[in-house]
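K.L.:
after the sequence you'll find the predicted model.
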Amino acid sequence: MHPQLPVRIDAPTERRNPRTLEIDDVPTLDVLRLLNAEDRIPAEAVAAVLPDLARLVDETARRIRAGGRLHYFGAGTSGRLAVMDAAELIPTFGLAPGIVVAHHAGGMHALVEPVEGLEDQESAGEADAAEVGPGDVAVGIAASGRTPYVGGALRAARAAGAFTALVSANPEAGLAGRADVHLGVDTGPEAIAGSTRLKAATAHKLVLNNLSTAVMIAQGRTYSNLMVDVAATNDKLRGRVLNILVEATGLDEDRCGAALAASGGELKTALVGLLAECSPEQARKALEIGDGSVRTALRTFG
């Protein structure tokens, strides 16, 4: 008897790229030119799915405002990107831990030591999605659009009543039917066939960047293009807080520093106080009325 052959994967990222067939037989500079040419594709591919991404952003922002959470599920490179995105929201936007949660097949240990077999287990995804509630959003990330771990997570999340989304690099992804929104970012064959840490990963990083940033903007965690909920946990970030006040108000460092001190180090309070020329107490009240949005708070002053 012959051993059973593995099932071949038919996904765009697994196909050979006709533009890079000679990549192993050209000088280094030409190798890099070929890679760079492929790297120009992801941004345009993401642009094509922006309407669906907007739907996901709006639903996520609505659910987080109502007390829900955003869950990411991924294996390998996809899971690592998810962990990075979730972690960076805490210092960048002052987001409380646990609101955006990344679930990586194999756990945190698999971030540095790959545990590839777990991505083939739907049950592992279902187990990791056990904490997803009906008011949450679950986003599965899988370049091929077929990863069983992600499929199990999406199935469990949908059964729990959560809003579900799939981010893939396969417009015909097999798991699309388990998602309310499918962002099938069409990046095509990789420069090295099957190496989805290249274009597919770049596109998925862009999608996650756009998703989480747009949700944070909707939450009032920016004023103009400034991060007004940044957590000043080190010298660099404390300097950034002062820079933000100076940039947003046009006032000198001494006055901004004094306002920050009078506001107990609360950047938003100091900012509203300076722009509206009011006391810290009045600024806090306006921010409370404005649900944390600086622009909305300023409108309360007429």
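P.N.:
Done, it's in.

K.L.:
pLDDT on stretch 176-196, on average?
P.N.:
In this model, stretch 176-196 has an average pLDDT of 97.

K.L.:
how long is it end to end?
P.N.:
Terminal residues of stretch 176-196 are spaced 19 Å apart (Cα to Cα, to the nearest Å).

K.L.:
report the contact partners of the spatially closest residue to residue 18 that is not a sequence neighbour.
P.N.:
Among residues not flanking residue 18 along the chain, residue 189 sits closest, at 7.9 Å (Cβ to Cβ, 6 or more residues apart in numbering). From N, CA and C alone the C-beta is placed, and that goes for glycine too. Going by Cβ atoms under 8 Å, 6 or more residues apart in numbering, residue 189 touches 12-18.

K.L.:
same check, this time on residue 190
P.N.:
Contacts of residue 190 by Cβ under 8 Å, 6+ apart are 13, 17, 38, 196, 198-200.

K.L.:
switch to 10 Å and redo it
P.N.:
12-17, 20, 38, 143, 169, 196-201 (Cβ atoms under 10 Å, 6 or more residues apart in numbering).

K.L.:
ok, residue 55 next?
P.N.:
163, 165, 180-181, 183.

K.L.:
how much space separates the residue nearest to residue 18 from residue 249?
P.N.:
Using Cβ to Cβ, to the nearest Å, residue 189 is found at 50 Å from residue 249.

K.L.:
now residue 214
P.N.:
Residue 214 is 26 Å from residue 249, by Cβ to Cβ.

K.L.:
what helix or strand is the residue nearest the centre of the chain located in?
P.N.:
When Cα atoms, centre = their mean is applied to the chain, the residue found nearest the centroid is residue 208 (2.8 Å). Assigned by DSSP states H and E, residue 208 belongs to helix 199-218.

K.L.:
show me which residues of that helix are buried.
P.N.:
For helix 199-218, burial by neighbour count (16 or more other Cβ atoms under 10 Å) applies to 199-208, 210-216, 218.

K.L.:
just for the stretch 151-300 of the chain, where's the confidence low?
P.N.:
For the stretch 151-300 of the chain, applying pLDDT under 70 flags no range at all.

K.L.:
coming back round to it: tell me the one of the contacts of residue 55 nearest residue 277?
P.N.:
Nearest to residue 277 among the contacts of residue 55: residue 163, at 42.3 Å, using Cβ to Cβ.

K.L.:
and that closest one, bridged to which residues?
P.N.:
Residues in a beta bridge with residue 163, per DSSP bridges, are residue 137.

K.L.:
that one and residue 72, how far apart?
P.N.:
From residue 163 to residue 72 the distance is 13 Å (Cβ to Cβ).

K.L.:
touching both of the two, which residues are there?
P.N.:
Common neighbours of residue 163 and residue 72, using Cβ under 10 Å, 6+ apart, are 137-139.

K.L.:
nearest to residue 262, of the residues you listed?
P.N.:
The closest of the shared contacts of residue 163 and residue 72, once distances to residue 262 are taken by Cβ to Cβ, is residue 137, at 38.6 Å.

K.L.:
identify the residues contacting residue 181.
P.N.:
Residue 181 neighbours (Cβ under 10 Å, 6+ apart): 49, 52-56, 59, 137, 139, 163-167.

K.L.:
cool, and residue 241?
P.N.:
Contacts of residue 241 by Cβ under 10 Å, 6+ apart are 227-228, 230-232, 256-257, 260, 265-267, 270-271.

K.L.:
circling back to that earlier point, which of residue 163 and residue 72 has more neighbours?
P.N.:
residue 72 (28 against 23; other Cβ atoms under 10 Å).

K.L.:
name the nearest residue to that one, ignoring sequence neighbours.
P.N.:
residue 82 (3.5 Å).

K.L.:
and if you look at residue 103?
P.N.:
Using Cβ to Cβ, 6+ apart, the nearest residue to residue 103 is residue 128, at 4.3 Å.

K.L.:
identify the farthest-apart pair in the contacts of residue 190.
P.N.:
16 and 201 (18.7 Å).

K.L.:
how about the helices of the stretch 101-250 of the chain, start to end?
P.N.:
Secondary structure of the stretch 101-250 of the chain (DSSP state H, counting those that start in this stretch): helices located at 122-128, 148-159, 199-218, 235-249.

K.L.:
for residue 45, find the nearest of these.
P.N.:
helix 199-218 (5.5 Å).

K.L.:
picking that back up, which single one of the contacts of residue 181 is nearest to residue 295?
P.N.:
Among the contacts of residue 181, and counting by Cβ to Cβ, the member closest to residue 295 is residue 54, at 20.3 Å.
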